[in-house]
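# My questions are about this predicted structure, shown below with the sequence.
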Amino acid sequence: GVHTAQVYAKDAAGNVSPTNTVSWTYDVTPPEMPQFTDDCDPKNGAITKEPGYAFGATAQDPDDRSPVTCHWLRTWNQKHSEGSSIAGNLEEEKAEDGMYMVYVWAVDKAGNVSMETNSLSWTLDREAPVGLEISGEPGLGDVTSSTNFAFEAINATDLTKMTYRWTLNTHEEKGNVSSNFVGVAVEGTNWVSVSAIDGAGNACDPVERWWVVDTIAPTNLHFTVALPGDGALTNDVNFAYMAEADDATELTFHWTLDGDVDGALGLPAGVAFTNENALLEGEHTVTVFAEDKARNVSVTTSATWTV
């Protein structure tokens with residue numbers, strides 16, 4: 001507390017001098033732990049891509065006996081300063097991305113130090129996630145008759161926890177921020193893209209995948225070459241057949257002769273189905289159906305003739 005001493009002089013005749021007074025404060029009570037002000041930026045625990053920082057703190061002496069000064073320590077460069085606030089820029093201080101912390105404690109005029117030190121930490125993250133890939137089905141460039149898809153964003157790395165931004169056919173799936181994306185595609189070519197976004201808001205370049213949904217079987221299957229023709233009677237022991245059909249994708253034509261499934265042959269468009277060995281006398285039948293890249297199959301057509 002406050003203490004006062006007084007002194008006066010008195011001579012032999014009893015005359016008394018004016019009184020002189022001196023007072024002082026005895027203070028052994030430490031100040032309270034400083035409290036950070038509401039305008040601190042970044043906030044405690046924040047993740048940010050902005051390198052600037054500005055912190056303030058207040059502290060009180062429990063008995064209000066002496067003024068209190070805040071003392072600051074920047075842990076990354078061990079810089080000590082005094083005052084009610086500090087500010088700086090990690091980029092100018094050549095600091096790397098990572099976690100940073102400041103400590104603040106209070107010292108009163110008597111030299112008493114607060115028994116507790118307060119701290120504030122945050123993470124600087126200026127780099128976007130790297131290494132992002134897409135896994136799942138359908139594969140890149142696949143042609144499929146299924147409208148379902150299931151993809152996962154994998155292998156992205158970053159200092160902080162990431163969310164993901166998915167887009168299907170230019171439509172952003174705003175409700176999905178997870179690494180998984182499951183849905184239904186439309187007929188035709190489909191595109192999906194994904195980017196990874198870290199806790200500071202840094203986003204990597206999107207990674208894309210495209211595929212084709214084809215649920216429509218080939219149509220208008222017909223012979224373009226038919227030697228001999230359907231219903232013919234011939235002494236020719238050889239034959240040659242070719243077919244075409246309408247479809248959005250590349251076709252394979254599956255041929256059989258006289259029901260011989262084991263000898264069935266798949267040929268691309270424009271390639272004739274012919275025999276290697278001479279046909280025996282009697283009736284013969286060629287059948288064919290078209291299959292597209294999504295494995296949709298057409299109706300079967302046939303031709304029968306007699307040797």
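Nice, thanks for sending it over. It should be emphasised that the depicted structure is a prediction, and the values quoted were computed from it without experimental measurement.
# what ranges do the helices span in the protein?
Using DSSP state H, the chain contains no helices.
# okay, which residue is most central for it?
Nearest residue to the geometric centre of the chain (C-alpha atoms, centre = their mean): residue 196, 2.3 Å.
# pLDDT wise, what is the closest residue to residue 59 other than its chain neighbours at?
The shortest distance from residue 59 to any non-neighbouring residue, by C-beta to C-beta, 6 or more residues apart in numbering, is to residue 106 (3.6 Å). C-betas here are computed from N, CA, C, even on glycine. For residue 106, the model assigns a pLDDT of 96.
# isn't residue 106 right up against residue 58?
No: here residue 106 lies out of contact with residue 58, judged by C-beta atoms under 8 Å, at a distance of 9.1 Å.
# Between those two, point out the one with more neighbours.
residue 106 (26 against 15; other C-beta atoms under 10 Å).
# Distance check, that one against residue 24.
Distance, residue 106 to residue 24, by C-beta to C-beta, to the nearest Å: 21 Å.
# Strands of the stretch 51-200 of the chain, residue ranges please.
52-58, 68-74, 79-82, 85-89, 98-108, 118-124, 133-137, 143-144, 148-154, 163-168, 171-172, 180-184, 188-197 (DSSP state E, counting those that start in this stretch).
# and the fourth one, average pLDDT?
The pLDDT scores in strand 85-89 average 97.
# Send me it as CSV with only the CA atoms.
This file holds the C-alpha atoms of strand 85-89, laid out as CSV (Å, rounded to 0.1, in the frame of the first residue of the first chain):
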residue,chain,number,x,y,z
SER,A,85,0.0,-3.4,-29.2
ILE,A,86,2.3,-4.9,-31.8
ALA,A,87,2.0,-5.1,-35.6
GLY,A,88,4.1,-6.5,-38.5
ASN,A,89,4.3,-8.4,-41.7
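# Just tell me which of the strands of the stretch 51-200 of the chain ends up closest to residue 46.
Nearest to residue 46, of all the strands of the stretch 51-200 of the chain, is strand 118-124, at 4.6 Å by C-beta to C-beta.
# check contacts around the residue nearest to residue 157 when sequence neighbours are not counted.
Spatially, and ignoring its direct neighbours in sequence, residue 157 is nearest to residue 131 (5.3 Å; C-beta to C-beta, 6+ apart). By C-beta atoms under 8 Å, 6 or more residues apart in numbering, the contact list for residue 131 reads 155, 156, 157.
# Dig out what the last one forms beta bridges with.
In other words, residue 157. residue 130 (DSSP bridges).
# And for it, the neighbour number?
12.
# What of the second one?
Per other C-beta under 10 Å, the neighbour tally for residue 156 reads 21.
# residue contacts, it?
Residue 156 is in contact with 129, 130, 131, 132, 133, 162, 196, 204, counting by C-beta under 8 Å, 6+ apart.
# Let's see that with 7 Å instead.
129, 131, 132, 162, 196, 204 (C-beta atoms under 7 Å, 6 or more residues apart in numbering).
# Need the phi and psi values for it.
The phi/psi pair for residue 156 (degrees, to the nearest 10) reads phi -70, psi 140.
# who's the closest residue in space to residue 167 that isn't next to it in sequence bridged to?
In space, residue 167 comes closest to residue 193 once its chain neighbours are excluded; the distance is 4.7 Å by C-beta to C-beta, 6+ apart. Here residue 193 sits in beta bridges with residue 167, residue 208, as judged by DSSP bridges.
# How about residue 108?
Beta-bridge partners, per DSSP bridges, of residue 108: residue 68.
# correct me, but it touches residue 71?
No: applying C-beta atoms under 7 Å, one finds residue 108 not in contact with residue 71, separated by 11.3 Å.
# re the thing from before, which one of the contacts of residue 156 sits closest to residue 231?
Closest approach to residue 231 among the contacts of residue 156 (C-beta to C-beta): residue 132, at 62.3 Å.
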